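>>> Have a look; sequence and predicted model below, questions after that.
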Amino acid sequence: MVQLATSDTMPPSADEMKACDQDCQDAAVFAYRWEWGATGFCCAAHGALLQQTSTTLKRSIALHPIAPPVAAPLLRDERIQLTARSLVLEAEVEEARSQGLSVYRKNGDLQVQLSAAVVKERELKAQLTDAGLKLQAVERQANNLEAENGRLLVELERLRELDTFVSAQSDREANERGLGGGESPDGR
Ligand SMILES: [Zn+2]
């Protein structure tokens, strides 16, 4: 059934919950207005029913969604509970922040240690490179000495052959002098 427009059927204030006025206990979600001016509030199901009725009657009806009522003001106990919960959350946030700070500091310490290790590693690599260069220099020197030694051996061998040749020559000349009475055949 449709109510006539009264002050009770004006759009609700925000903090007021309207009930469906169609012999129904549900909360209203529409304000409606028939073309002849009657207004009221209804739930979704009755809104659909009113639209069917409108079609059947061939009389128009306008349905306007109404905003749900804002939350009722908090009761004192709820405020106390929320305040306690807020304090707990603040404590948890502070604890997390403290743990985060601790982790942050540990991370800083580790980075300092890492930097020191990196520097040490570079130093060792530099020493290793230096030792490698020295080793190469020693090896080059050893190769040079070996080559020089080879040259000297060749030279020594040549000198030995020369010595042998000279000795043989001297012996031959001595023999020739001994056999030829001191004069060489070519008058020298
Ligand atoms: Zn209803």
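Nice, thanks for sending it over. Residues are numbered from 1 along each chain as shown.
>>> Which segments of the protein make up each domain?
Domain assignment for the chain by automatic domain parsing gives 7-65, 74-147.
>>> Check these for me and report the most buried one.
domain 7-65 (a mean of 15; mean count of other Cβ atoms under 10 Å). Bear in mind the C-beta positions are built from the backbone N, C-alpha and C, glycine included.
>>> could you give the mean pLDDT of that domain?
Domain 7-65 carries an average pLDDT of 86.
>>> give the contact list for residue 125.
Residues near residue 125 by Cβ atoms under 8 Å, 6 or more residues apart in numbering: none.
>>> doesn't it fall inside a helix?
Yes. Counting by DSSP: H, G, I helix; E, B strand; the rest coil, one finds residue 125 located in a helix.
>>> how close does it get to the ion?
When distance is defined by Cβ to the ion, to the nearest Å, residue 125 is 85 Å away from the ion.
>>> so is the residue nearest to the spatial centre of the chain in a helix, a strand, or just coil?
Central residue of the chain (Cα atoms, centre = their mean): residue 107, 15.0 Å from the mean position. For residue 107, the assignment made with three-state DSSP gives helix.
>>> got the contact list for it?
Contacts of residue 107 by Cβ under 8 Å, 6+ apart: none found.
>>> out of everything not next to it in sequence, what's closest to residue 49?
residue 22 (7.3 Å; Cβ to Cβ, 6 or more residues apart in numbering).
>>> which secondary structure element contains the one you found?
For residue 22, there is no host helix or strand (DSSP states H and E).
>>> all strands for this protein, in order.
Using DSSP state E, the strands of the chain run over 30-34, 39-42, 61-65.
>>> Let's see stretch 156-166 as PDB, backbone CA atoms only.
Taking Å, rounded to 0.1, in the frame of the first residue of the first chain, the C-alpha atoms of stretch 156-166 are listed here in PDB:
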ATOM      1  CA  LEU A 156     134.100 -22.500 -25.600                       C
ATOM      2  CA  GLU A 157     133.700 -25.400 -28.000                       C
ATOM      3  CA  ARG A 158     135.000 -23.200 -30.800                       C
ATOM      4  CA  LEU A 159     138.000 -22.200 -28.600                       C
ATOM      5  CA  ARG A 160     138.700 -25.800 -27.800                       C
ATOM      6  CA  GLU A 161     138.600 -26.700 -31.500                       C
ATOM      7  CA  LEU A 162     140.900 -23.800 -32.200                       C
ATOM      8  CA  ASP A 163     143.200 -24.800 -29.400                       C
ATOM      9  CA  THR A 164     143.300 -28.400 -30.700                       C
ATOM     10  CA  PHE A 165     144.000 -27.100 -34.200                       C
ATOM     11  CA  VAL A 166     146.700 -24.700 -33.000                       C
END
